[in-house]
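[1] Could you look at this predicted model? Sequence included:
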Amino acid sequence: MEVRTRFAPSPTGYLHIGGARTALFNWLFARHHKGKFILRIEDTDVARSTDESTQAILDGMQWLGLDYDEGPYFQSKRFDLYREHAYKLLETGKAYKCYCTAEELEQRRKDALAQGKPPKYDGRCKSQGSGARGQGSNDKSFAIRFKVSPGTTLVKDIIKSNVAFDNNEIDDLIILRSDGTPTYNLCVVVDDATMKITHVIRGDDHLNNTPKQILLYEAFGYPLPIFAHLPMILGSDKTRLSKRHGATSVMAYKEMGYMPHALVNYLARLGWSHGDQEIFTIEELTEKFSLENVGKSSGVFNPEKLLWLNHHYIKESKPYDMAKLLEPFLEAKGYAVGTIHELSLPNVVKTVQERSKTFVEMADAVEFYFKEDVVYEEKAAQKFLTSEVLEIFEIITSKLDNLPDFTQKAIEDIFNSIINEKNIKLGKIAQPVRIALTGGTVSPGIFEVIENLGREKTIERLKKAIVFIKQKGSFST
RNA sequence: GGUCCCAUCGUCUAGAGGCCUAGGACGGAGCCCUCUCAAGGCUUAAACACGGGUUCGAAUCCCGUUGGGACCGCCA
């Protein structure tokens, strides 16, 4: 039988980390079994659902590379189907009309809670046959409640194994609101059944809903899917992950300069494992993923490890590919990529890959190559751009000017000859040159900087530094 | 409050009764390398929540305690 999984977010916000992992596991499971992955938008709450949220979820999934085979289906377009199902239960006596108003219910719940009692529905509309609560109530609006019969309901779960629920603990749930719109539990069951979903993989915050849903499956006579409830992702304080733990939106990670694959790899390893392996390609993930290796306990989202993975992938990837991904970040800083002189972006990227954890960092790290004017860090200039190095700067300038092959090797030779001649350490001249060329004390290796900057710009910046030193000197004397 | 779930280093985890003096990874510490910063290499600190069983033997099985989490809506 073909495996069919689904991701069913409600469009009331962006795609967050937890949702993304649920989507990923569903996707991996379907891909692993060469089945189908379906996207369904659960927008039955008309008041809270927005098109922007739907779009945000679509964007997030696309960025992560989680493509779907069917959908997106919208529950808001299937209301007739849910209504039919609700009325079928009404006709067969498995559900009943409830004339209590939302306000009454809310008041009773509050009272119960205040008295420390379980906030259960008292079942007052249950015993009366449909419409029996006064004939005049026929034109009164009513909701439809599902009748939960006594007994126990067993949830068979791949991850949590068997969980038994006493039906006494389950309220008669409303399946159709008094305004005629269906509610969550009805919709999921109808959809999962009619969409022939074979494996329901979702967060374990739904575990308590599952017996209700099983009862509905049985009432409709639909076959049960296989359930797998994923442990939650928590924040650093071990409470449910939320905004106050930092970025939880998937797209925020894109903006912060993360690679989608790093997030995917991180999320896959949060709750699932394959021995000691940490690094996975997408292919390995789909090949090795299984629900049996998903852990039972909730996990804390660890941004540092995600950062490490991102850094890892930046280091390991081809400079050309990284240059492509870097471009939007450079543009955001005001550098029009198409027009940044003669510098080869991939070559430049190569010099900063191992020192950039994100593309935001990388954009900062390469900025000095493109800046029109080098701005010196004050303390650095103070310390390193001194009259002592004037002569050396002059020598380097002239030697670079006459260098036949402007290669890293040849540049290094120049420096070596100088330190041999002057009997000084490389650090003595590398650091001043670094300030002159980049403005700061931190940069890629000085020879690769010079090579990538090119003869013209290097000499220009050295000359500028010479002028700077001379001016500084004339000031102090 | 009720119901349900969970419990190995700070964090993610390996571990399916003897292979465990508990392994890996992130993060931390130290050393090496070194033109700065990184990267890299090496070393190191750090955990089976607690108490009872079962067993020749338990991180692994059972029970309890404690701790954490989720859910109890005419939200999804």
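    In hand now; what should we look at?
[2] mind listing what residue A:278 touches?
    A:269, A:309 (C-beta atoms under 8 Å, 6 or more residues apart in numbering). Backbone N, C-alpha and C define where each C-beta goes, glycine included.
[3] any idea how far it is from RNA strand B?
    Remark: distance between residue A:278 and RNA strand B (C-beta to the nearest atom of the strand, to the nearest Å) = 5 Å.
[4] looking at it, residue A:223 is touching residue A:198, isn't it?
    No: Residue A:223 sits out of contact with residue A:198 when judged by C-beta atoms under 8 Å, with a separation of 9.5 Å.
[5] Touching both of these two, which residues are there?
    Counting by C-beta under 8 Å, 6+ apart, residue A:223 and residue A:198 have no common neighbour.
[6] Break down chain A into its strands, ranges please.
    All strands of chain A, identified by DSSP state E, fall at A:4-7, A:36-41, A:70-74, A:95-98, A:143-146, A:152-157, A:161-166, A:174-176, A:199-203, A:226-230, A:233-234, A:299-300.
[7] Let's have these in TSV, adding mean pLDDT, mean neighbour count and distance to residue A:463.
    Converted to TSV, these look like this (pLDDT from 0 to 100; neighbours: other C-beta atoms under 10 Å; distance: least, C-beta to C-beta, whole Å):
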stretch	mean pLDDT	mean neighbour count	distance to residue A:463
strand A:4-7	98	26	60
strand A:36-41	98	22	60
strand A:70-74	93	16	60
strand A:95-98	92	24	86
strand A:143-146	94	24	82
strand A:152-157	94	16	72
strand A:161-166	93	12	74
strand A:174-176	95	25	79
strand A:199-203	97	21	62
strand A:226-230	97	21	62
strand A:233-234	94	20	55
strand A:299-300	95	16	54
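[8] Distance to RNA strand B added to those, as TSV?
    Below are the strands of chain A laid out as TSV (distance: least, C-beta to the nearest atom of the strand, whole Å):
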stretch	distance to RNA strand B
strand A:4-7	11
strand A:36-41	8
strand A:70-74	11
strand A:95-98	6
strand A:143-146	4
strand A:152-157	8
strand A:161-166	4
strand A:174-176	4
strand A:199-203	8
strand A:226-230	7
strand A:233-234	6
strand A:299-300	3
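[9] how about those in a markdown table, adding distance to residue A:292?
    Below are the strands of chain A laid out as a markdown table (distance: least, C-beta to C-beta, whole Å):
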| stretch | distance to residue A:292 |
| --- | --- |
| strand A:4-7 | 16 |
| strand A:36-41 | 19 |
| strand A:70-74 | 26 |
| strand A:95-98 | 37 |
| strand A:143-146 | 33 |
| strand A:152-157 | 12 |
| strand A:161-166 | 11 |
| strand A:174-176 | 34 |
| strand A:199-203 | 13 |
| strand A:226-230 | 10 |
| strand A:233-234 | 20 |
| strand A:299-300 | 17 |
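[10] Can you name the residues bridging to residue A:166?
    Judged by DSSP bridges, the bridge partners of residue A:166 are residue A:152.
[11] How about the contacts made by the residue nearest the centre of chain A?
    Centroid-nearest residue in chain A, with C-alpha atoms, centre = their mean: residue A:250, separated by 2.8 Å. Applying C-beta under 8 Å, 6+ apart to residue A:250 gives the contacts A:14-17, A:20, A:60, A:63-64, A:263.
[12] Of those residues, which are in range of RNA strand B?
    Among the contacts of residue A:250, no residue is within reach of RNA strand B (C-beta under 7 Å from any atom of the strand).
[13] Take those residues and keep only those in helices.
    Of the contacts of residue A:250, the ones assigned to helices by DSSP state H are A:17, A:20, A:60, A:63-64, A:263.
[14] quick check, nearest of those to residue A:412?
    Using C-beta to C-beta, residue A:263 comes nearest to residue A:412 of these, at 39.2 Å.
[15] From RNA strand B, how far off is the closest residue to that closest one other than its chain neighbours?
    Nearest residue to residue A:263 in three dimensions, chain neighbours excluded: residue A:253, at 5.6 Å (C-beta to C-beta, 6 or more residues apart in numbering). As for residue A:253, its distance to RNA strand B is 16 Å (criterion: C-beta to the nearest atom of the strand).
[16] Wait, residue A:253 touches residue A:264, no?
    No: contact criterion C-beta under 8 Å: residue A:253 and residue A:264 do not qualify, at 10.8 Å.
[17] just checking, residue A:354 touches residue A:317?
    No: look at residue A:354 against residue A:317 with C-beta under 8 Å: they stay out of range, at 11.4 Å.
[18] Contact partners for residue A:247?
    Counting by C-beta under 8 Å, 6+ apart, residue A:247 makes contact with A:253, A:256.
[19] Can you read off the backbone torsions of it?
    phi -70, psi 130 (degrees, to the nearest 10).
[20] And it, what's its pLDDT?
    Note on residue A:247: pLDDT of 79.
[21] quick one: the closest residue to residue A:368 other than its chain neighbours and residue A:362, what's the gap?
    Nearest in space to residue A:368, with sequence neighbours left out and distances taken as C-beta to C-beta, 6+ apart, is residue A:438 at 4.2 Å. Separation of residue A:438 from residue A:362 (C-beta to C-beta, to the nearest Å) stands at 15 Å.
[22] Figure out how far stretch A:377-384 is from the centre of its chain.
    Relative to the chain's own centre, stretch A:377-384 is displaced by 41 Å; criterion: C-alpha atoms, centre = their mean, to the nearest Å.
[23] related to what we said a few turns ago, out of the strands of chain A, nearest to residue A:82?
    strand A:174-176 (7.4 Å).
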